[in-house]
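> The sequence and its predicted three-dimensional model are supplied below.
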Number of protein chains: 2
Amino acid sequence: MLELAILGLLKEQDLHGYELKKRLTETTGVFASVSFGSLYPALARLQAAGAVKAVEANTSAAVLAAASVPVTGSLGAELAALRARRAIAKSMPSASTGRGRKVYGLTDIGEQLFTDLLAASESNGEDDRSFGLRLAFARYLPADLRLGLLERRRAQLVERLARTRTTMRAGRERIDAYTRSLMEHGTETTERDISWLDGLIAAERVHVTSQHNSPSHPPSSVQHH
Amino acid sequence: MLELAILGLLKEQDLHGYELKKRLTETTGVFASVSFGSLYPALARLQAAGAVKAVEANTSAAVLAAASVPVTGSLGAELAALRARRAIAKSMPSASTGRGRKVYGLTDIGEQLFTDLLAASESNGEDDRSFGLRLAFARYLPADLRLGLLERRRAQLVERLARTRTTMRAGRERIDAYTRSLMEHGTETTERDISWLDGLIAAERVHVTSQHNSPSHPPSSVQHH
DNA sequence: GATCCGTTATATCGAACCGATACGTCGAAC
DNA sequence: GTTCGACGTATCGGTTCGATATAACGGATC
């Protein structure tokens, strides 16, 4: 789960651990708290699996070297050098502060792993954060899988709603006022989530039926009935 | 965190593990999924700390036979006997590996531990589930601590709102449509959470200022909307 | 009446994850 | 001139999860 998030962020841009954590907590938002105690082991796992590699492993020395002599052929190193130059130009001190930072980048294996993890619908944990994370990377999914993700989530929320209502009817004398208020508020929140999903699904269907290009599949075949 | 939930449920009624899990997932609802892999170790910890004790062990005849002398020719009974001996060797009292249910109840230490955990405001994890769980047992809190719980939660949500808005303004070109929709929906949800909390806080204040409160008699009417 | 299957029930294992902490550099405030 | 906070990598102990094993029971199904 965390690995999917890391791969997704690295797909857009090479990043080091600290920045990765900031984006996971702040930008992606879905992770209320992802700690270094899980981030660094996850990075180590991904590196051991060959999904990511350390693209730039030092401070200004390596940056300057990459900037002056770009003979490595590494795309990530060139990008890092570009970013370092821009940072220096903006007199941003973060390029050379602190201890030696390790910038990670995706490999081909990592690209493939990202695609596999994102499209995995059967082996799903199916929790709330899983959906939020997948939606944040939904633009990398083909249109049909994207629609399936939204509809599966909708069905899941509808089922949760039904179970909650059953529980509230079943043990109504055991539930005190605070718990009941919590459950009712949760029910309303889930209902709003469902109608929000309905909006997304409707927009998705319009997009699917109006124009025929999905991101990775050419419109060679009509939809099957 | 899980220990607090267990203690709170056992405070109302003696329960065995399976029923405990059902109430944690269904009734309390806050825990989307609490697994046996965390429930049983938590129960063992609480038992080792003397906070709970096995009140009734409805052990079957096979378990008793395995614990004392394995007389049956059944393979399963012999395996059970092996495991029971190993458990006894680990000095675990009443380790019945049979299928008899073990009903747990609170001790005086457990009552005290529950009160301490519930009132702990400084060493808080402060995540979403923590608040929901505490609110579900808010009737056991004195009125001032209950109000503090609600106001701390409110302040937390307000801060989250501010941080999310800052993030959305800062990296607006980096955020794609799906992520933006997710963040906007999350913002609306948080705003509704805050106004829901305002209702609870108002009801709480009315109760505090209008009459003398006793911890064992929570307000009979909590506002829902 | 033997067999299959879902529910009730306890328990363990490996892997993942979290919070705290340590180690370390830098700029700014005081 | 030193404390303070930001950046930055890393590990440790303990908690939790998901999967799995074990086992007894009741009800279908053949």
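That came in fine, so what should we check first? Numbering: from 1, shown residues only, chains lettered A, B, ... in the order given.
> what about the longest helix in chain A?
helix A:177-210 (DSSP state H).
> Could you tell me the angle between that helix and helix B:177-210?
160 degrees (axes from the mean of the first three to the mean of the last three CA atoms, to 10 degrees).
> thought A:Arg129 was touching A:Leu2?
No - between A:Arg129 and A:Leu2 there is no contact under CB atoms under 8 Å: 9.8 Å. All C-beta spots, glycine's among them, are computed from the backbone N, C-alpha and C.
> Tell me how many other residues crowd the residue nearest to A:Ala51 when sequence neighbours are not counted.
Distance criterion CB to CB, 6 or more residues apart in numbering or on different chains; nearest residue to A:Ala51, sequence neighbours excluded, is A:Gly110 at 3.6 Å. Applying other CB atoms under 10 Å in any protein chain shown, we find 23 other residues in the vicinity of A:Gly110.
> Does A:Gly110 lie in a helix or a strand, and which?
Here A:Gly110 sits within helix A:108-119, counting by DSSP states H and E.
> so what does that helix touch, helix or strand wise?
helix A:2-12 (3 or more CB pairs under 8 Å, 6 or more residues apart in numbering or on different chains; DSSP states H and E).
> Briefly note if the following helix or strand past the helix it packs on comes near DNA strand D.
Next along the chain after helix A:2-12, taking DSSP H and E as the criterion, comes strand A:15-16. Yes - contact between strand A:15-16 and DNA strand D, assessed by CB under 7 Å from any atom of the strand, occurs at A:His16.
> Now stretch A:183-197: average pLDDT?
Per-residue pLDDT over stretch A:183-197 has a mean of 95.
> Show me what that stretch is in contact with.
A:150, A:153-154, A:157-158, A:160-161, A:164-165, A:167-168, A:175, B:29, B:181, B:185, B:188-189, B:192-193, B:196, B:224 (CB atoms under 8 Å, 6 or more residues apart in numbering or on different chains).
> Recalculate using a threshold of 6 Å.
Contact with stretch A:183-197 is made by A:Leu150, A:Arg154, A:Leu157, A:Leu161, A:Thr164, A:Met168, B:His185, B:Trp196, B:His224, as judged by CB atoms under 6 Å, 6 or more residues apart in numbering or on different chains.
> so can I have CSV of those residues showing distance to A:Tyr140, neighbour count and secondary structure?
Output for those, formatted as CSV (distance: CB to CB, whole Å; neighbours: other CB atoms under 10 Å in any protein chain shown; DSSP: H, G, I helix; E, B strand; the rest coil):
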residue, distance to A:Tyr140, neighbour count, secondary structure
A:Leu150, 15, 22, helix
A:Arg154, 21, 18, helix
A:Leu157, 23, 19, helix
A:Leu161, 30, 16, helix
A:Thr164, 33, 18, helix
A:Met168, 39, 17, helix
B:His185, 20, 17, helix
B:Trp196, 35, 21, helix
B:His224, 41, 16, coil
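> so which one among these has the lowest pLDDT?
The member of those with the lowest pLDDT is B:His224, at 49.
> Report how many residues lie close to the residue lying closest to A:Thr179 once chain neighbours are set aside.
Closest residue to A:Thr179 apart from its sequence neighbours, by CB to CB, 6+ apart: B:Ala136 at 4.7 Å. By other CB under 10 Å, 24 other residues sit near B:Ala136.
> can you check A:Leu141 too?
21.
> cool, the one 4 residues further on as well?
Look at A:Leu145: counted by other CB under 10 Å, it has 17 neighbours.
> any low-confidence regions in chain A?
A:28-32, A:57-99, A:121-126, A:209-225 (pLDDT under 70).
> Give me the domain ranges for it.
According to automatic domain parsing, chain A is divided into the following domains: A:2-119, A:142-210.
> re the thing from before, can you list the buried residues in the longest helix of chain A?
By 16 or more other CB atoms under 10 Å in any protein chain shown, the buried positions in helix A:177-210 come out as A:177-179, A:181-183, A:185-187, A:193-194, A:196-197, A:200-201, A:204.
> Spell out which parts of chain A neighbour chain B.
Residues of chain A found near chain B (CB under 6 Å from any CB of the partner chain) are A:26-27, A:32, A:127, A:135-136, A:138-139, A:167, A:176-179, A:181-182, A:184-185, A:196.
> Quick check: the residue of chain A nearest DNA strand C.
Distances between chain A and DNA strand C by CB to the nearest atom of the strand are smallest at A:Gly37, namely 1.8 Å.
> Quick check, the residue in chain A closest to chain B?
Here the residue of chain A nearest chain B is A:Ala177; by CB to the nearest CB that distance is 4.0 Å.
> Roughly how far does that residue sit from A:Glu3?
42 Å (CB to CB, to the nearest Å).
> Dump stretch A:41-51 to PDB, keeping only the CA atoms.
This file holds the C-alpha atoms of stretch A:41-51, laid out as PDB (Å, rounded to 0.1, in the frame of the first residue of the first chain):
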ATOM      1  CA  PRO A  41      12.000   0.200   5.200                       C
ATOM      2  CA  ALA A  42       9.600   0.500   2.300                       C
ATOM      3  CA  LEU A  43      12.200   2.300   0.300                       C
ATOM      4  CA  ALA A  44      14.800  -0.400   1.200                       C
ATOM      5  CA  ARG A  45      12.300  -3.100   0.100                       C
ATOM      6  CA  LEU A  46      11.700  -1.400  -3.200                       C
ATOM      7  CA  GLN A  47      15.300  -1.000  -3.800                       C
ATOM      8  CA  ALA A  48      16.000  -4.600  -3.000                       C
ATOM      9  CA  ALA A  49      13.300  -5.600  -5.400                       C
ATOM     10  CA  GLY A  50      14.900  -3.400  -8.100                       C
ATOM     11  CA  ALA A  51      11.900  -1.200  -8.400                       C
END
